[in-house]
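1. coords below, sequence missing:
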């Protein structure tokens, strides 16, 4: 189970990023093993089971303990730092292509109420959230964000672009801006196009009534494929977390697993 969920390649990259454990005020049970907690978190992410159903005998800790580790590590920014380091590794190997990028989003139903879920206009106004992804020319996730389901896609265009970490390229220099950006008609506005040109990015955004779907799909299909990969992680199909930060932590960790798969194709 350790090899399947948390191989050495993943653990060796996560372990240095973990914050030191808090000192205990009184004697009690020893702290759960961090690697076992990470195994449990990845298991919940992939299987989608409720925390209370986590098999304790298999992982050596209960679901609430694993959730506390996820909450602590998310608050410490572990997953964002892990994603930046994985992008650096891929960039140095020439596997990050910023000649163009694509952006899109997908809505997920929220089973529990919380601060972020809003009425989903595509699901009879049921509570939901939206995952926004920005990917490179090959579909590698560069950055992501979480909003309510009724937030328009265009509002996340520049926050996503500005949050891309500078990726180290084979030349040793860092690059964070794609040369072109592909998006569907939801991002078509003069404000967005002007903002992209000011950032040195050529907009390749669908114009209503002008471009056909067949022509635009030649490059933009990679982001739809990445969103499909994301939905293979069952915890990201439906939002079961009330807290935005915890659900976003799952989203970033899921993108990190995609990047690790690019480094190690045998990683499941």
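-> That came through, no problem. Model, not experiment: these values are computed from the prediction.
2. can you map out the helices along this structure?
-> If DSSP state H is used as the criterion, the helices of the chain fall at 2-5, 8-14, 34-47, 56-59, 63-75, 78-92, 157-162, 190-198, 213-231, 244-263.
3. which non-adjacent residue is nearest residue 160?
-> residue 134 (4.5 Å; CB to CB, 6 or more residues apart in numbering). For every residue, glycine as well, the C-beta is placed using N, CA and C.
4. okay, and for the stretch 101-250 of the chain, where does confidence drop off?
-> Counting by pLDDT under 70, the ranges of the stretch 101-250 of the chain that qualify are 112-125, 209-217.
5. repeat that with 80
-> Low-confidence segments of the stretch 101-250 of the chain (pLDDT under 80): 111-127, 207-218.
6. which residue ranges form the strands in it?
-> Using DSSP state E, counting those that start in this stretch, the strands of the stretch 101-250 of the chain run over residues 101-110, 118-119, 127-136, 141-148, 167-168, 174-175, 180-183, 202-205, 238-239.
7. elements contacting the fifth one?
-> The helices and strands touching strand 167-168, judged by 3 or more CB pairs under 8 Å, 6 or more residues apart in numbering; DSSP states H and E, are helix 78-92, strand 174-175.
8. neighbouring strands for that strand, and are they parallel or not?
-> According to DSSP bridges, the neighbouring strands of strand 167-168, each with its direction, are strand 174-175 (antiparallel).
9. residues making contact with the strand it pairs with?
-> Taking CB atoms under 8 Å, 6 or more residues apart in numbering as the criterion, the residues outside strand 174-175 that touch it are 91, 98, 166-169.
10. same thing with stretch 254-265?
-> The list of residues contacting stretch 254-265 from outside it, by CB under 8 Å, 6+ apart, reads 7, 9-10, 13, 42, 45, 79, 82-83, 86-87, 89-90, 93, 95, 133, 140-141, 144, 226, 229-230, 233, 235-236, 267.
11. Pull out the buried members of those residues.
-> 10, 13, 42, 45, 79, 82-83, 86-87, 89-90, 95, 133, 140-141, 144, 226, 230, 233, 235-236 (16 or more other CB atoms under 10 Å).
12. The strands of the stretch 101-250 of the chain: which one's closest to residue 49?
-> When the strands of the stretch 101-250 of the chain are compared for distance to residue 49 using CB to CB, the nearest one is strand 238-239, at 12.2 Å.
13. Look up the closest residue to residue 84, ignoring the ones flanking it.
-> For residue 84, ignoring the flanking residues on the chain, the nearest one in space by CB to CB, 6+ apart is residue 165 at 4.1 Å.
14. Quick check: the one you found touching residue 141?
-> No - with contacts defined as CB atoms under 8 Å, residue 165 does not count as touching residue 141, sitting 11.5 Å away.
15. Residues in contact with both of the two, list them for me.
-> Contact with both residue 165 and residue 141 is made by residues residue 83, according to CB under 8 Å, 6+ apart.
16. Would you mark the buried spots in stretch 158-170?
-> Taking 16+ other CB under 10 Å as the basis for neighbour counts, the residues of stretch 158-170 that come out buried are 160-161, 164-165, 167-168.
17. Export those residues to TSV and append columns for distance to residue 180.
-> What follows is those, written out as TSV (distance: CB to CB, whole Å):
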residue	distance to residue 180
160	15
161	12
164	14
165	19
167	16
168	21
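18. Nearest to residue 59 among those residues?
-> Within the buried residues of stretch 158-170, proximity to residue 59 (CB to CB) peaks at residue 165, which comes in at 31.3 Å.
19. tell me how far the ends of stretch 21-30 are from each other?
-> In terms of CA to CA, to the nearest Å, the two terminal residues of stretch 21-30 are separated by 11 Å.
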